[in-house]
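Peer 1: show me the folded form of this:
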Amino acid sequence: MSMRALVLDFGGVISRTLFETHDQTETALGLPAGTLQWRGPFAPDTDAAWRDMQAGRISERDYWLLRTREVGRLLGEDWDQMQTLVQRARGAEPDRVARPETLALMRDARAAGQRLAILSNELDLFYGADLRERMRALREVEVIVDATYTGILKPNPRAYALCVQQLGVAPADCVFVDDQQRNVEGAAAVGMTALWFDVTKPRASCDTARRALRLPG
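Peer 2: Coordinates of the predicted model:
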């Protein structure tokens, strides 16, 4: 069997979404419970900006800049960087927001001799460069390709090419997992086994990746 690698998006796949941790965000920021109502994929009918992002009318970065500014205004502050929201909401304990299902998938892939990579559009832009040292899961990842520095955003084919080049494998040897369908389609177009991660069903999504990697269930 040829070498295989597991290539993961970060936000939504390794880290739980901000939609899922509104209670933690409200506590960290001193906001009343129930203040944050935007729910993205968990309630798309009530989140017009999310629908706009999914339809391609705004970018993912545009969406999160909108939410960042909204939360900043709730505190009487002017926030213009997603990093501010993420670090204020969850910076103290980043391991608390890691998905246990994905962490188990990563451990089992490594134990089976498969390589690990992250291909992200905004890892350090949103979360800060020091997250790589503070979050245990990231210390196990061999290759991190981050458009914060490359300037090449998924689904541009060059983003995937950079990742497989650094891994030293062919696209066909990679299982790619992302929670944005456009990025999944981009990976499939370059020859990867590309899987959509449903953030509302993380266990089922990880089980699909296990099968693709031929890992035991």
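
Peer 1: going forward, measure contacts and count neighbours with C-alpha atoms only.
Peer 2: Fine.

Peer 1: how about the strands in this structure?
Peer 2: 5-8, 115-120, 143-146, 174-178, 193-196 (DSSP state E).

Peer 1: got those strands as TSV, with distance to residue 157 columns?
Peer 2: As requested, the strands of the chain are arranged in TSV below (distance: least, Cα to Cα, whole Å):
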stretch	distance to residue 157
strand 5-8	15
strand 115-120	12
strand 143-146	13
strand 174-178	13
strand 193-196	13
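
Peer 1: mind putting these into a markdown table with mean neighbour count and distance to residue 82?
Peer 2: Listed next are those as a markdown table, based on neighbours: other Cα atoms under 10 Å; distance: least, Cα to Cα, whole Å:
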| stretch | mean neighbour count | distance to residue 82 |
| --- | --- | --- |
| strand 5-8 | 26 | 21 |
| strand 115-120 | 23 | 15 |
| strand 143-146 | 21 | 15 |
| strand 174-178 | 26 | 20 |
| strand 193-196 | 22 | 24 |
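
Peer 1: quick check: which of these is nearest to residue 19?
Peer 2: strand 174-178 (16.5 Å; Cα to Cα).

Peer 1: okay, the strands of the chain in CSV with distance to residue 59 and mean pLDDT next?
Peer 2: Listed next are the strands of the chain as CSV, based on distance: least, Cα to Cα, whole Å; pLDDT from 0 to 100:
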stretch, distance to residue 59, mean pLDDT
strand 5-8, 20, 98
strand 115-120, 14, 97
strand 143-146, 17, 98
strand 174-178, 16, 98
strand 193-196, 18, 98
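
Peer 1: nearest to residue 28, of those strands?
Peer 2: Per Cα to Cα, nearest to residue 28 of these: strand 115-120, 25.7 Å.

Peer 1: strand partners of that closest one, parallel vs antiparallel please.
Peer 2: strand 5-8 (parallel), strand 143-146 (parallel) (DSSP bridges).

Peer 1: low-confidence stretches in this structure?
Peer 2: 1-3, 91-92 (pLDDT under 70).

Peer 1: residue ranges of each domain in it, please.
Peer 2: What the record gives for the chain is the domain set 5-16+98-213, 18-94, from automatic domain parsing.

Peer 1: chain center to the longest one, what's the gap?
Peer 2: What it means is domain 5-16+98-213. 8 Å (Cα atoms, centre = their mean, to the nearest Å).
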